[in-house]
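A.B. asks: 3D model of this:
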Amino acid sequence: MTQKLQQGQVIELEITDLNTSGEGVGRHEGKVVFVPNTVTGDRLTAKIIQSKAKFARGKIHSLLNPSAHRIRPQCIVADKCGGCQWQHIDSDYQRQAKRQQVIQAFQRIGGFEDIQVQPILHTSDVLNYRNKSTYPLARSATGQVQAGYYRAGSHKLVNLNQCPIQDERLHPLLKEVKQDIQQRGWSIYDEVKHRGKLRHLSLRIGSNTGEMLLTLITTSEQLAGIEEQAQLWLDKYPELVGVCLNINQGRTNAILGKTTYAVAGKPYLREIFAGVELHIAADTFFQINTSAAELLFEAVIEKLNLTGEETVVDAYCGIGTFSLPLAKKVKHVIGIEINSASIKQAQNNAALNNINNTIFYTGKVKDYINKIDSRPDILLLDPPRKGCDPQVIKTILDIQPSFIVYISCKPSTLARDIKLFCQSNFYEPKYIQPTDFFPQTTHVESCVILRKN
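C.D. replies: The predicted structure follows:
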């Protein structure tokens, strides 16, 4: 019987793998031990901080022999901030580990023994790639306004003046807007006491246009001098096209409330994605890594061998990010999305680009998908992290489109749903393409193309 490790005990470990949370995995006398901030090949001593019957968790006590995959983090607070998990790992090995995540999910959860997964797609930008960052606000012990990310597993803020994975053109705003908030004397929200006004600072940029939006998430629109300050920001930063307020009065961990409006300038920025101009609002979902998303889109288009005569259904279509570039290459696109504001933006974006072969429906995918008149040639799925509703999968199996293109940011739910599509023998996976949308983190975006048998 394996002896239980004691809290506070220091043990020697070799890290032999990475788990899906990004922690290093080692074994001590047969027992699995998880240690964050490590990488395969590290030899170290670890201090046990939690011990369970089947596993233990530790933290680095001393690094005896660093792995060949270990590098110096680019960020000075990488060991404190919970925003990234893998800044200490070289980019090639990060991508190798992410591809392995996808393979293991399909084998263990999907039950696919002999699965072919493409080499991971990636751009050259392993830093400065995020087109949007939303920072919690706080006050330091001395009363200074802070913005940053929480320490891993906590609500203790790590104050930042710049973030190396955020688009570097946003750095001046992050540093200087904090100072302006300080000078205005606006109160900062306290989540324990549910008092104060400013909760988050959100910065967004059109990667290909340079246009920026600044949004303050607040419990109240009564911010003394906000109109004056918003105009000062527009005057100071030429690329800033709008300053918005989002009102969130709830006692909740949700970042955004339901109401967003522009205090000064426009309520949206312009972006060019896959040859289509998009207007993106402050509270709109849009892929965080524009160039990597374009890379994946191009790869999918190439694999589909489009003739221009296809009918495409884009479930979970959002603002038309994929619907509209697709519409320029096919006969007809039908988009479905539960968020009415996103559908309105999709319709406006279609008009903006003179795209006339699209129709967008507001509602749940499971309610609308079986109302489509004819069987689509291609069905595009890009659901939330939790994956597809089982009723959606059942209805799709009834409709049986020729191809299903499933995009996901969570390998486990992707593998689970692909298994459901394939167990009837109606479909088989022809192409599995992981893409590195999120360098320096454990997350991986994947696309599977299923072909009807």
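A.B. asks: So residue 149: helix, strand or coil?
C.D. replies: strand (DSSP: H, G, I helix; E, B strand; the rest coil).
A.B. asks: and it, how many residues sit next to it?
C.D. replies: Here the number of neighbours of residue 149 (other C-beta atoms under 10 Å) works out to 20. Using the backbone N, CA and C atoms, a C-beta is placed for each residue, glycine as well.
A.B. asks: Need the pLDDT of it.
C.D. replies: pLDDT recorded at residue 149 is 92.
A.B. asks: Once you drop chain neighbours, what's closest to it?
C.D. replies: The shortest distance from residue 149 to any non-neighbouring residue, by C-beta to C-beta, 6 or more residues apart in numbering, is to residue 83 (4.0 Å).
A.B. asks: The one you found against residue 165, yeah?
C.D. replies: Yes: counting by C-beta atoms under 8 Å, residue 83 does reach residue 165; the two are 7.3 Å apart.
A.B. asks: Residue 404: what's it in contact with?
C.D. replies: Going by C-beta atoms under 8 Å, 6 or more residues apart in numbering, residue 404 touches 378-379, 381, 396, 421, 427, 448-450.
A.B. asks: same question, residue 222
C.D. replies: Per C-beta under 8 Å, 6+ apart, neighbours of residue 222: residue 197.
A.B. asks: Which helix or strand contains residue 94?
C.D. replies: In this assignment (DSSP states H and E), residue 94 forms part of helix 91-108.
A.B. asks: For that helix, which outside residues touch it?
C.D. replies: 18, 20, 39-40, 69, 86, 89, 112-113, 115, 117, 119-120, 122, 126, 411-412, 414-415, 418, 432, 434, 436, 439-440, 442, 444, 446.
A.B. asks: hey, C-alpha coordinates of it in PDB?
C.D. replies: Extracted in PDB, the C-alpha atoms of helix 91-108 (Å, rounded to 0.1, in the frame of the first residue of the first chain):
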ATOM      1  CA  SER A  91       6.700  27.500 -27.600                       C
ATOM      2  CA  ASP A  92       7.500  24.300 -29.600                       C
ATOM      3  CA  TYR A  93       6.900  22.100 -26.600                       C
ATOM      4  CA  GLN A  94       3.800  24.100 -25.600                       C
ATOM      5  CA  ARG A  95       2.300  23.200 -29.000                       C
ATOM      6  CA  GLN A  96       3.400  19.600 -28.800                       C
ATOM      7  CA  ALA A  97       1.700  19.300 -25.400                       C
ATOM      8  CA  LYS A  98      -1.500  20.900 -26.800                       C
ATOM      9  CA  ARG A  99      -1.700  18.500 -29.700                       C
ATOM     10  CA  GLN A 100      -1.200  15.700 -27.300                       C
ATOM     11  CA  GLN A 101      -4.100  17.000 -25.200                       C
ATOM     12  CA  VAL A 102      -6.300  16.700 -28.300                       C
ATOM     13  CA  ILE A 103      -5.000  13.200 -29.200                       C
ATOM     14  CA  GLN A 104      -5.600  12.000 -25.600                       C
ATOM     15  CA  ALA A 105      -9.100  13.400 -25.400                       C
ATOM     16  CA  PHE A 106     -10.100  11.600 -28.600                       C
ATOM     17  CA  GLN A 107      -8.600   8.400 -27.400                       C
ATOM     18  CA  ARG A 108      -9.800   8.400 -23.800                       C
END
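A.B. asks: Show me what counts as buried in it.
C.D. replies: The neighbour-count check on helix 91-108 (16 or more other C-beta atoms under 10 Å) flags 91, 93-106 as buried.
A.B. asks: Then stretch 118-128?
C.D. replies: Quick answer for stretch 118-128 (16+ other C-beta under 10 Å): 118, 120-123, 125-128.
A.B. asks: How about residues contacting that stretch?
C.D. replies: Under C-beta under 8 Å, 6+ apart, the answer for stretch 118-128 is 74, 91, 95-96, 98-99, 129, 164-168, 289, 291-292, 295-296, 299, 431-436, 439-440, 444.
A.B. asks: So which of those residues are in strands?
C.D. replies: Among the contacts of stretch 118-128, the residues falling in strands (DSSP state E) are 431-435.
A.B. asks: Export these as JSON lines, with columns for distance to residue 364, pLDDT and neighbour count.
C.D. replies: Shown next, in JSON lines, are these (distance: C-beta to C-beta, whole Å; pLDDT from 0 to 100; neighbours: other C-beta atoms under 10 Å):
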{"residue": "431", "distance to residue 364": "28", "pLDDT": "95", "neighbour count": "18"}
{"residue": "432", "distance to residue 364": "27", "pLDDT": "97", "neighbour count": "23"}
{"residue": "433", "distance to residue 364": "28", "pLDDT": "98", "neighbour count": "21"}
{"residue": "434", "distance to residue 364": "29", "pLDDT": "98", "neighbour count": "25"}
{"residue": "435", "distance to residue 364": "27", "pLDDT": "98", "neighbour count": "24"}
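A.B. asks: quick one: contacts for the residue lying closest to residue 152 once chain neighbours are set aside?
C.D. replies: Computed as C-beta to C-beta, 6+ apart, the closest residue to residue 152 that is not its neighbour in sequence is residue 82, at 3.7 Å. Residues counted as contacts of residue 82 (C-beta under 8 Å, 6+ apart) are 149-154, 158.
A.B. asks: With residue 247 instead?
C.D. replies: If you count contacts by C-beta under 8 Å, 6+ apart, then residue 247 has 218-221, 257-260 around it.
A.B. asks: That one pairs with what?
C.D. replies: residue 218, residue 259 (DSSP bridges).
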